[in-house]
Structures are given as structure tokens and as C-alpha cells.
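> show me how the following folds:
(chains A, B, C and D, ligands or ions: 4)
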Amino acid sequence: MKMSNNMKSTLTTLAFALIAIFVALLIGGILIQFTTEASMIEAYIALYNGAFGDLRSVLNTLWRSTPLILTGLAVAFAFKCGLFNIGAEGQLLIGGFVAGVAGYSFTGLPAILHVTICIVLGMLAGGIWGGIPGLLKAKLGVNEVINTIMLNLIALQITVRYGINQLRLEGAADNTPRIAETAELTRFTDTFLNDLFNLPGGVRVHTGFVFALLAALFISYLLFKTKTGYEIRAVGINPSGAEYGGINVSKNIFLAMFISGALAGLAGTVEVLGTHRYFTSGLDAGLGFTGIAVALLGNSNPGGVILAGILFGALTQGGMGMQFAGVPREIVTIIQALVIFFMASLQMFKIFIEKKRAKEVAK
Amino acid sequence: MSSENQYSNSDEIILKMEGITKVFPGVKANDNVNLEVKKGEIHALVGENGAGKSTLMNILYGLYQPEEGEIFYDGNKVSLDGPMSSINLGIGMVHQHFMLVEPLTVTENIMLGSEPITGAFFTDDKNAARKVKDISDRYGLKVDPNATIENIPVGMQQRVEIIKILYRGADLLIFDEPTAVLTPQEIEELFEIFKALKEQGKTIIFITHKLKEVKAISDRITVLRQGKTTGTVETESVSEEDIAKLMVGRSVLLQVEKEKSKPKNVVLNVENLTYKDDRGVDILKGISFDIKEGEILGFAGVEGNGQSELVEILTGLKKSTSGKVTLKNEDVTNASPMQFKEWKVGHIPEDRHKRGLILDYNLAENMVMGYHNKPPFSKPFYMNANAINAHADKLIPEFDVRTPGSHVKARSLSGGNQQKVIIAREFSQKPDLLIASQPTRGVDIGAIEFIHRRIIEQRDAGKAVMVVSAELHEVMSLSDRIAVIYDGQIIDIVDAGSVNEFQLGAMMTGSTPQKEDSDNENE
Amino acid sequence: MIDFLAQIFTLSMFFAGLRMATPLILASMGGILSERAGVINIALEGMILTGAFFAVWGSYTTGNPWFGVLLAIISGMALAAIHAVVSVYFKADQVVSGTAINILATGLTVYLLQILFGVSGTSPRAVRLPQWDIGIVAFNPMVYIALISVPIIWVILYKTPWGLRIRAVGEHPQAADTVGINVNRWRFICVTLSGAFAGLAGVAISIGEGSYFVNGMSSGRGFIALAAMIFGKWNPLGALGASLLFGFTEAIALRATFQHIPSELVRTLPYVITIIVLAGFIGRARPPKAVGKPYNKGER
Amino acid sequence: GCGAGSDADDNGAVEENGEDPIRVGLVLSTGGLGDQSFNDAAFRGLEQAEEELGIEFDYYEPEDSAEDETALRHYAEQDFDLVIGVGFQMQDTLKEVAEDMDHINFAIVDGGYDEIPENVATLNFAQHEGSFLAGALAALVTEVDTIGFMGGVEGALIGQFEAGFVQGAKHVNPDVDVDIRYVGDFGDIDRGRETARGQVERGADVIYHAAGGSGMGLFEVAEDEEIYAIGVDSNQNMVAPGYVIASMLKRVDTAVYGITEAVLNGEFQGGTNYVFDLADDGVGLTSLTDLDIEEQDAADAEVITQDELEAIEEMKQSVTAEHADKIEELKQQIISGEIVVDME
Ligand SMILES: Nc1ncnc2c1ncn2[C@@H]1O[C@H](COP(=O)(O)OP(=O)(O)OP(=O)(O)O)[C@@H](O)[C@H]1O
Ligand SMILES: Nc1ncnc2c1ncn2[C@@H]1O[C@H](COP(=O)(O)OP(=O)(O)OP(=O)(O)O)[C@@H](O)[C@H]1O
Ligand SMILES: [Mg+2]
Ligand SMILES: [Mg+2]
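Ligands and ions are numbered 1, 2, ... in the order given. Here you go, the predicted structure:
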């Protein structure tokens, strides 16, 4: 009974996600049809090929989705505690920056140790950056939305602007020095997978993707199987109720924001250690904001976030294919926005349907 | 009496609701309900929690639309698709949870939606204020037109609600549990207002769980049970017991039965506790008392005299400004809620929706809240779902919670049953001190009987119990001793037997008692 | 130190501050309308951006900047209307819907930039609004409009039935409903109007002061406007003050010379101040009770 | 191809002489077309090559640097004869791609390597030399001995503009004040404007910018406050006719055109770093005496009116013409190595 109920609503959510995506694509298609010389069919074929056309595209899609899954998790986790973390962007930058610096400043460490240090520091930095608004919310009740936004803008100046300018090598490009080999996250091309499937060269998908999946696993365990999760969700639904239940509301709000920030920090870290191999101004590319979309589409549920992350990775990667085919890639951004709208709106119909179902029972 | 019945003698039917059916997710709130109200009568609507009273009235007021049924007003069929259509017909409603906008002034709240205009488009506050004054004079509804709602007492807020509907020219007035939050004096005043309204030819429908009130003021009674009408009767023709029987379907004890208490050593001791709120206002001005094993100390008092704060301090939800709280000879002043729970203090909060429950958690999850971090519910690295569900499945029958199962969300239960969930949870932890705040608010007599029995059992098991209630009758029938609290101070602590409702009522409004037995002064 | 203060408290610095504050004032007025009615509007950012684009496009194609202003207002209202429909009538989470609007705006503007101008960076040059010279000073019209809009909003909120209803709807929708006020319609109207103000803010940052549209040129102003609104306790006058403070610090960051602090960090000044200020003042700032909650009858 | 690229395929002079044209892929830097700067310039270079050399080209405007890799590879895999990346941001990525696509020719604008891969040519510019002349001109034109430099974001590349400008100014007038400001953004006209206003208030009457899109703000201020501006990268004299006394040209277009021609003639030299400096007009100022072709073209294409064209001409005669000889002299001294312009 209980089981089947959950199943039902999960399925409904899934169904709605598909409907939302479909409608969004349809509208995007109409836009293409009427505003560009390309036809929506060829545009979407290009989109598909760009994302899944061949092994390389698939791997690139996974590569693109890695940070999105992580920022998505970050936003989703905060959501569960009733907090809206628009700050994933800044937390990602801070985390990536710290990891990048740790990546080149330590040397002569064994790889395992070095990588671990970088990841821990990166997550810690992101966690602190998320923890600050958490603390302000918990102790002073300051709206976390505003503060996370402000901290995004601050993080940008500190890392991308000031940080890089201070640390960049003589005449080098807009990035901190390259990290030591020992700090690099292995790319799939440098693993046994390469011999198994002889992967195409230059594909960048790296072990960070695995970390993303593990993170999702851990988060769902934390949320639904532990007392920490019980408390965080309770605070999210009804703080005064939770307080009555002996739950330390402030502590949990801070904790939720800290963990959320750490996840975003991890996103930045894997981008630096795995993708770029240094901290670059290029990291400031809205991954945090897309993370919000991912979390919403994934219904703030770790499993859903993984799927949504991969979908958005595919859209971004496939978007390039579309651009090559002469269709402005921004269509993809528009589609992403539409997907969110429809998901959000469809929730109402979901409620409506469930009400109806219940009424049938009552009659 | 007869003078009051003059209008209802003229058997003119003003309202007729026929075959009303309203379905909510999972419940048929109203199932083919019929209601007939005569012009100028006071018509009581009674029934258990979830019987469908509020729903029926909300339909009459146009807030909900019924699936089936017809409504006739003044003889002609009407369709009520929104409050406006009801208002225009002359139907007004005072809701169970007041519909007042707190930061706005009394006048603003009253004129809201039908504001007088001056100049091209400015609100004409003067004009509105004048109208308000007229009405309050005519019906003796004392209010301060310029006060903001959040700063006036509940009683006045209710009068504002009444003026609000009279301002819109209502002839039929609906009251949903108007007395739930009032003192006996305020209730008296309210009934005076009822009579005044009746004199003016207004018709009144009012919902209550208190049968004495029904007998006192109503002309006729309609009883609902589980969404169905069980009949309408003339008030003279029935006794309280009869009504109770109609409501519950069985006979219920309206009086609590308990032996004399046998107090032992002190469990809780409070020494001049004070509390300032964040605006620096003195809420508690030096409260001192103690509670012994095996006794029930009741707190009588008008809401907003500090009892809520007192309870929250004694359960760790608020921090006192000064004073000392000792539990079993251990200083527990300003400990955390979790610590109080560990010291086996059970707490039934006054507001089940705000405090007592996570409405969107299911019953099983709610029934471990506060104990979720202890074995067997919590293991080192995970929560033990089996233990949690088993716990709920054991308590639900034991405490007679009416629910499809332990997996449904607390939200979908009726108030009475939500209350039972909380009681089940707190009792299941065998507290040494039980602090029950408004334990039966908005709960029907069946459930009240049940809850009261449980509380007495606690006492007889040698536990200390503290009961806070705006419900004088409840305080008197449960308590062994009664502390009367007024304006943040304890006016006096008296033996339950030694005072009657009106002496208490008087003390609750601050006037020091003129009592002979001075022996329990020294407590 | 003295000469440092001297370089800050100059008339021109104040004017610069006022210019920087103008989009914040306009947007925060929109924010107040929307949130007073109970709808969070973090979509201001996106509406400003879109407004800026259409202001430039309208002015560019017709050569008449006022046509640009008109388009900006309309486009702002259009986006706001979507936000309203989704969050008010479809009961979607307001922050979610707002975020979607922001994402949509970034996509849409660049898309249109490509479709209409064939570039994805900077638009070609459009005709700017005339400066209005009122004797002592000359500003672009948006500055004056912003300053006038403040008292107007204030009067509407506190002196008219509309304002009374808006405030009631944002505080206690059920109460408003029970006296026959159409909660959702009022919310829809307020949110849509807020879009008009955001659109004007977009004009201010594009053809108000200048003559180009640049990809992503709103750069966080919508959010700072929200901060101004909160800091101003959802009161037009307060928001005005806050906006001026932020505008002024912006100007200082851009113009003043600091000996010891690197300029990159000086630029964080407005944001740091925002955080500190909110932390300091929040004690007294109380949002409308029902803000963020979709209203549907029968829910409690 | 996309956007203008696809038009290119259509109207692109598809060869009279049978054999199929060579194909060039251009990956622009983030910020994209319309920057009135090196993205536009690179694009112009290929348009020119398309018309005059009958090559075909396709281009891509990445949204963020994560796209560079895929974009470069996209062209390389279709065996384009030359793949050009614009902007130092791309250098590492381009190296990676070039290394496992070693049969394809690559070129990068503003890129630098310790050792350049066999199949890559780097195209660099002596912006410091050009900026030196800009600085000198500014110092000569100013009437209050106060001039301004407005940078986009602090960084190595922009640092070269700054250094050259200051050195040039001090060279012709040791006691000129140079007010140096950074907008903190390459794409925020609003902040650019306020920054420039600030400089004007501190007395600058000639301001040179290296601030990409933010620089547009400078030109607006120049008009409002009636001061002089110096443009950068492309010929920006038409943006505010009469107020932009010159632009420091960074002939990315020539460079791109040149390297394309090299490939066409099989003279492509992999592993080399082409430096474009004053000597080969890779950098330099717009004409100080009479109208440039771009200005003429702009007028013909009705981007600017005839009056505006005259305004430019009038300005050149009245303001800059008198300094033309001095500037030319300095230019020769730099070329001959008499004057050494340093980068930092
Ligand atoms: N808005 C609602 N949505 C869903 N179910 C509802 C709603 N309102 C009431 N119900 C359900 O309908 C039934 C009747 O509710 P109603 O409020 O009419 O009872 P009541 O007689 O007023 O109870 P009480 O004596 O506690 O006031 C209850 O089972 C309740 O759970
Ligand atoms: N939106 C809703 N969804 C589900 N159940 C509801 C809803 N609204 C009300 N109910 C249930 O209907 C019950 C009866 O409604 P009513 O307004 O009489 O409140 P109540 O039962 O008296 O409880 P309380 O007095 O605490 O509000 C409520 O206790 C509540 O449990
Ligand atoms: Mg009720
Ligand atoms: Mg009730």
C-alpha cells in the first residue's frame, strides 16, 4: 500500500518530466521553424547527434553533466531543508579555486593523498562559503537567497579576478598555474576503460563523474535513512514543529547549507582537477545556476538529479551540434527554462490528479 | 427564555440546505446533509471533530462548492459561488481561525473589500471609522477603531469579526467555535451580543463543542455525525446527555471521575521566573509554584496572560530572563528541549499544527519525533524503519486514532485525531512530568472524555501533571490544585474544590478573590 | 584620510550614485508591488535584462528611443505575466518560476541578439534617450521617473483601497478571500506591474545612459534591487534609501582611489555592505506573512 | 556552416578555377561577435580571404571555454585545412587538440607556448608598441597634461596595453599624469561609462581604452563631456565620430588573412610564432591625417552619415594631423630599436 503509493507518485513525476521535456522541445522547435532557416527536424537531429551521436558525444555529454549533477545535488539538498541555495555558483568557484591552488602548491605527494587533500579542501571551502549564509539565516534569520547571491558576486571577484591576477604566471593566460600530475583526476581515456572500448582521443570525462554518482548515493542515504536527514527534512517542513521535537533548528539549517556548499565546492573541484587542470576564469559559466534547474527537474531527489543532470549535459553538448547546424544554441537555454516552467506548473495537475484519485476512494 | 423565543415562534424559514454533499481527498466531509434555520433563531450546530460542521458552514458562506445539494435562502434557490454572493445575500461568518489581517488596524480590517472612497481614489478612513462606531454602539461591541489587530486581545478580535460582517449588512450570522478561546466572562458578553443581535431580528448559527452553551443560548440544535445529519431538535426538549448521545452514538461521561489525589515528593519547582519578549515587554513577572508526584496542577487564565510562555520555558522552547527551574532536585533552568525530553518531561503543545506535528510527515514519523535520535528508533548509522512503524502500529489502536494506517500524513487527520497522535507519542515515553497545554482544544466530547481519562491515569500512576487550559470547566474537573494566572503573575493557587467557576473567572480577570478558606494561601 | 573622504563626498560622486541607483530604485519598486501581494519576484533580474534588450531594439529599429521604452515595459510585463500565471494560477513554487524566468531571459536575449543582429556579444548602436535638463542638473528621464515612482507607490500602498487590498492579500489571503477580494487576480496584476518597473530599470541601464545592449548586461542588479527592498522593509521609502546607498557604494568602488585595497576587492564593497546591512537590520524587517505561498481555497 | 558562415557558402566566390576551395574553421573567444574588437577583426579577415582568395570558412562562438575543445575538434575532424582559435584562453585546449590531430594545421591568436607544436602557428601582436604610439598621441593632444587609461580586467595581456601607453606618454611629456582605471569587466558598458566619467572628473581630456565592450561607455562619455577617446583593436573612430582621435589597430584581420593565404599557397610554417608589430603594420594607429578605408566604407554602407564622416575628417585635420610627423618618427625609432618598449 505505502510502497505502491510512493511508486505511483514517482512514476507520475517521471511521466510529467517527460511531458514537460516534450512540450518544451516542441515550443523550441516552433521557434526554430519560424526564426531560423533550419527546420526543427534537422535542428533536433543535430541536437541529438551532438549529444549521443557517437561514443565521443556520449562521453562528452557525461563529462558536461558531471558538474551539473553535483551543483544540482547541492541545490536539491538545501531545498530539503527549506532553503534556496542560489549560491552554488559562488561555492563552486571558491571550491575550485582552493582545489586549484592546493593542486599546484603541494608537490611530491603521492597521488592518492594529493587528490584527497585537494578534494577535501575544495569541499571545505565550498562548505564554508555556503555555511556563511546558513549561519546568518540560522542565527539572524537573514534571507539566504539574497546572501547567497551576494556571495556569488564576491566569490567571482576574489577568485576569477583577484585570485587569478595574483597567482597567474608571467604572461600566462587567465588561470592559476597548472596543477601537479599527482593532483589530477584520471580521465577515462587513461584507465582500463580505454583498452576495453578503445575510447576516442581527447575525451575529457574523468573520475569526477563517478564521484558525482557516489555523492548522489550518499545524499539519498543521508536524507532518507539517517536521523540527520530526518531532522533536516523536518526543519524544512515545519521549523517550529521540529524545534518542539527537540531538533536544533539553527544547527540543521547551518549543516544543510554547509553540505550543500560542499557539494557545489566538489563540483568546482572536479572541474579543476579533472577537466581544466587549473583554475580558470572559464569556470564562471553559470554551472551553479543550471544546477538549480537540474534540482527542480530532478524533483530535488538524488536519483532524479542524476537523470536531470545528464539530460542538461546532453542539451548543452547537443546545443553545440545545433549551433554547427546554424541554429543559435541559446534555443537550448530557452528549452531548459521551459522545462522548468512546465515541471513546476504540472505539479499542480499532479496534485489535482491525486485529489481526484482520493475522491474516487471516498465516494 | 420565552422573550428570546419570540422570533423563532414565527416559523418563517430563512435558510434551507438540502442534500449537501462535499468530498475532500479521502473523506466525505458532508454526506447528503440537510439543515433548516428559522428567521431570528439561534441555531446550534454540534458534532464530533471532522463531523463536517465547518465544511457545511464554509459551503453556506460560499468558500467551498458542494458536489451535490441545493440551498434556499429567503425561500428562493441560490447558488453560492463565492463569499461575495453570500455576503450580498446577507450571510456573514465568524471563522474558527479569525480572518483578520494582523498588521492592519481594526477599521482597515472591517472596511477591507468594501472601502468608502473619497476624492478620486483615496480610502475614506474617517467615514469608515464613523460607521464602525455606529455599529459598535448599536450592539454594544466595544472596539478601538484605530488599534492594530496584533495588539488587541482575542475577545476584541472576535468583536471586530462580528462588526466586520454587520458592516456588510448581514442578517444571518455564522459562528464557528466562537467560544473556544474565551473566558466565562467573555462568553457571557458574547451571549449578550447574541441576544442583542437576535432582538434586532438577526439569525445566528453557531458551532460549539460545549453542550452547556448549547443549552444556555440556542433555540434549536442540529447534530452532525460523520458528515450526516442525525436530526434537529428543540433545545428545551433535550438534556446535555441526549445531545452527547446524538453526536457520538453512545452515551458519554460528561463529568471526569477521579479519587482524591495522594501527592508525594516535589517533581517540579519553579522560583520567581520572569520573561521579557524580544520587544522588551514583561510577559512573566516572577512566577513560583511546584508540582508533586501524583497531583495535577491546573492553570486557569485568559489566553495571553503568559501561560503559553510559561509552558514554553518549562519545555526549553523559550529561555527565561531570570528565575530558577528545578526538576527532581536538578537545576534545569533554560535547558534545551532535547534535554527536557531526556529528563522525561512530556509536552502536549497548545497548537498542534504549529508545534505538535510535522503535518507532512506520516503518523509513524510523527510518533517518534523527539525520540527519533534514541534507540530503538535510531541506530548508529541509520534509522530503524521497522521499529518506527511497529511503534506506530502499536499506539494507533491503543490510543484509538481514527486513521487508514500509520503511513498517512498527519495533515489528513481531523483535529481530534491529530491531537490523539500527539498524546499517544508523549504518553508512550512514560513521562515523569506531563505538561498539557489546551489538551482538548477543538476536540470533540468523545475524544475529550478519552484524553481526560488518560491524563488522570498518569496522575494515578504517581506522575506529576501540569494542565493549562482556557477551558475553565476542564481545569476545574481535572485539577487537584488550580493556579490562576493573570498578567504574568500567579494571582493565587487554590484547591480545586474550594472555588466555583465564577470566583475563578473573576480571579482570571485580575480581581483578587474574596475567599474564606485562607489555609491554602501558604503554598 | 581627509582627502579620501573629500574625493568620496563630492556632488559628482552623488550624481554618479544616483545614476547607479536608478535601475535599483525602479526594480525594487516592482519588487515591493509583487511581494506586498505575496509573490516573491527573483525574476526581476531577467526582466531587467529583457527590458534592456527590447529598449535597444525598439530604439534601433525605429530610431525613436521612446518606442524602445514602450517595448521594454511591454516585454517586462510579458515575462512577469508568465511568472504570475505559473506561480499564481498554476501554484508553482514562486522562486522556481522566477529562476526559470531568469534562465529564459539570458537565453532569449542572446537568441534574439543572434536572430535580429547576427551577433551574440554586443548590439549595434541605438539612439539614446535625451537628457532632461532641469536647470541645475541633467539626467536621463529614467532617473526622474524612478524618483517620482517612489511616492506614487507609497500613496497607492497606504492611501488607497487598492493598496489596502494588496497588503491584505499578501498578509492573509484567506481573510481577503472571505470578504470577496479575488486574491489571485490581485496577485496577477501586481506581479505583472512589477514587470513594467523592471522593464524601465532595463531602459535605465541600456538606452537611458547609453546606447548598446551587451550580453548579460543586467549583471546582478535585479538581485541587489531585491536586497534593497528587504533592507527597506518592503516600504517604498526604505527601498529608495537602500537603493541610494547601494548606488553610492557602487560609484565609490568605481571612482574612488584606494591606497591599500586592490581594486578587484574594492568592487565587492556593495555586496559586502548588503550582507552586513541585512544582518544588522533583519531583526526589524518582517516580510509579508503569506509571501511565497501560493493561495488556494480549502487549504490551511 | 552557421550565421554569416552559411551565407558565406552561398555567395562565397566559388572558384572559377575548378579545384575545390580550402576550408578554414574559426573558433572565436567568449564574448563573440559585435565586440568591435578582435573577434570582429578575425571574422573580417576571413571574410576578406573569402572574397579575395575564394576560400570557405565556418565559425563558432563558444558560450563558455568548456566548448572550445569540442568546437576545435569539430572542424579538425572534418579535415578543415586550417583551424584558428582566437584568444589566449584557448591555448592549452588548442594544444591538446592539435597534438592528437597532427595532420591538421592550427593557428591561435594571442597564444603562446614554451615549445610550439609542429602543426600550430601562434599569431601574436606587439600591442605594447601600438599602445606606445597611442600614449604618445594622447600626451601630445592633451591640453591639461592629464590623460586616462581604461582597462577591462586586470591581467597580463591588458597589462601590455597599459605599460606601452604609459611609457609612450611619459616619453613625449615626462610630467603628464596618467589616470589608470580598470572597469572589472569586459562587457559592462554601464560601469565602463561611470569609470570614464570618473577619469574625466579627475581632469583627463584624452582617454585610451582596452576594455572590450565596456569601452563603448568611454565613447559615450567622450561625446557627452566633449573629450577625446582613443579606440583599440579595430577602427573605432566611427563609433563617436569626431571624438575618437584614433584607434590602436591590432590587425588580427591581417594576421588571420595572412595565415590563411600561407596555407593556400602551401607556405604554412607550423611550430612558428608570428609576431605582428609596427614594422609590418600588424599593430599601429589609424591614419592621423586623412580618412581610412574602413571609415569610407562605413559611410558608403551608411553605418555613419556623411556629416559624421566629415566630422571625422575635420577632427583629423584640426587635432591629430599636426602630430602625425612626431608619431611617425617615434614609430621609426621603435622599429629601428632606438626605443625599446617594455611589456610590463
Ligand atoms: N480543506 C480540507 N481538505 C481536506 N479535508 C478536509 C478539509 N477540511 C476538512 N476536511 C476533512 O473533512 C472532514 C470534516 O471537516 P470539518 O472541518 O467540517 O469538521 P468539523 O466538524 O468542523 O470538525 P471540528 O469539530 O474539529 O471543527 C474532516 O474529516 C476533515 O479532515
Ligand atoms: N487542507 C486540509 N487538508 C487536510 N485536512 C484538513 C485540511 N484543512 C483542514 N483539515 C482537517 O479538517 C479538520 C477539521 O477542520 P477544522 O477547521 O474544524 O479544524 P479542527 O479540526 O477544529 O482543528 P483545529 O481546531 O486545530 O483547526 C482539521 O483538524 C484538519 O485536520
Ligand atoms: Mg470546524
Ligand atoms: Mg475545530
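> so where's the chain shaky on pLDDT?
Picked chain A for this. Across chain A, the ranges flagged by pLDDT under 70 are A:1-6, A:170-173, A:354-355, A:357-363.
> chain C, not that one
Where chain C drops to pLDDT under 70, the residues are C:1-4, C:7-8, C:281-285, C:297-300.
> the helix ranked longest in chain C and chain B in contact?
Counting by DSSP state H, the longest helix found in chain C is helix C:11-36. No: Helix C:11-36 lies out of reach of chain B by Cβ under 8 Å from any Cβ of the partner chain, never closer than 11.3 Å. Any C-beta I mention is one placed from the backbone N, CA and C, and that applies to glycine too.
> you'd agree D:E129 is up against D:F161?
No: if you go by Cβ atoms under 8 Å, D:E129 and D:F161 don't touch, sitting 10.7 Å apart.
> how about the longest helix of chain C: buried residues?
C:13, C:15-36 (16 or more other Cβ atoms under 10 Å in any protein chain shown).
> list of residues touching stretch B:239-255?
Residues outside stretch B:239-255 that contact it (Cβ atoms under 8 Å, 6 or more residues apart in numbering or on different chains): B:46-48, B:51, B:211-212, B:214-215, B:221, B:223, B:225, B:230-231, B:233, B:444-446, B:449, B:477.
> what mean pLDDT does it get?
Average pLDDT, stretch B:239-255: 78.
> and residue 119, what element?
Since no chain was named, I'll use chain A. Assigned by DSSP states H and E, A:I119 falls within helix A:111-140.
> ok, the spatially closest residue to A:R233 that is not a sequence neighbour - how many residues close by?
Leaving aside its sequence neighbours, A:R233 sits nearest to A:K80 (Cβ to Cβ, 6 or more residues apart in numbering or on different chains; 5.5 Å). Neighbour count for A:K80, taken as other Cβ atoms under 10 Å in any protein chain shown: 21.
> same deal with B:P184?
Using other Cβ under 10 Å, B:P184 has 18 neighbouring residues.
> which residues touch it?
B:P184 makes contact with B:472, B:501-502, B:504-505, according to Cβ under 8 Å, 6+ apart.
> export the residues you listed as TSV, with columns for pLDDT and neighbour count.
Converted to TSV, these look like this (pLDDT from 0 to 100; neighbours: other Cβ atoms under 10 Å in any protein chain shown):
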residue	pLDDT	neighbour count
B:L472	79	21
B:E501	77	13
B:F502	76	12
B:L504	83	24
B:G505	78	21
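> so which of these comes closest to D:I230?
B:L472 (88.2 Å; Cβ to Cβ).
> was I right about that closest one contacting B:A506?
No: distance between B:L472 and B:A506: 11.4 Å, which falls outside the contact criterion (Cβ under 8 Å).
> show me the two of the contacts of B:P184 that sit farthest apart.
Within the contacts of B:P184, two members stand farthest from each other by Cβ to Cβ: B:L472 and B:F502, at 9.4 Å.
> can you select the buried ones from the contacts of stretch B:239-255 in ChimeraX?
This is how ChimeraX selects the buried members of those, with burial counted by 16+ other Cβ under 10 Å:
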select /B:46,47,48,51,211,214,215,221,223,225,230,233,444,445,446,449,477
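> in helices, which of the contacts of stretch B:239-255 fall?
In this view, the contacts of stretch B:239-255 that belong to helices under DSSP H are B:211-212, B:214-215, B:445-446, B:449, B:477.
> tell me which of the residues you listed has the lowest pLDDT.
Within these, lowest confidence goes to B:I445 (77).
> my read: A:L47 touches A:G319, true?
Yes: using Cβ under 8 Å, A:L47 is in contact with A:G319, at 6.9 Å.
> neighbour-wise, which of the two wins?
Higher neighbour count among A:L47 and A:G319: A:L47, with 30 against 26, using other Cβ under 10 Å.
> near chain C at all, the helix or strand encompassing that one?
A:L47 belongs to helix A:40-52 when elements are defined using DSSP H and E. No: shown here: helix A:40-52 not in contact with chain C (Cβ under 8 Å from any Cβ), separated by at least 12.9 Å.
> next structured bit after that helix?
Next along from helix A:40-52, by DSSP H and E: helix A:55-80.
> I'd like to know which elements that following helix is packed against.
Contact here means 3 or more Cβ pairs under 8 Å, 6 or more residues apart in numbering or on different chains; DSSP states H and E; on that basis helix A:55-80 packs against helix A:40-52, helix A:88-105, helix A:208-225, helix A:227-237, helix A:249-270, helix A:287-297, helix A:302-324.
> between the contacts of B:P184, which sits nearest D:G258?
D:G258 has its nearest neighbour among these in B:L472, at 99.1 Å by Cβ to Cβ.
> for the closest one, give me its contacts.
Here B:L472 is in contact with B:183-184, B:300, B:501, B:504-505, B:508 (Cβ under 8 Å, 6+ apart).
> many thanks, I have nothing further to ask.
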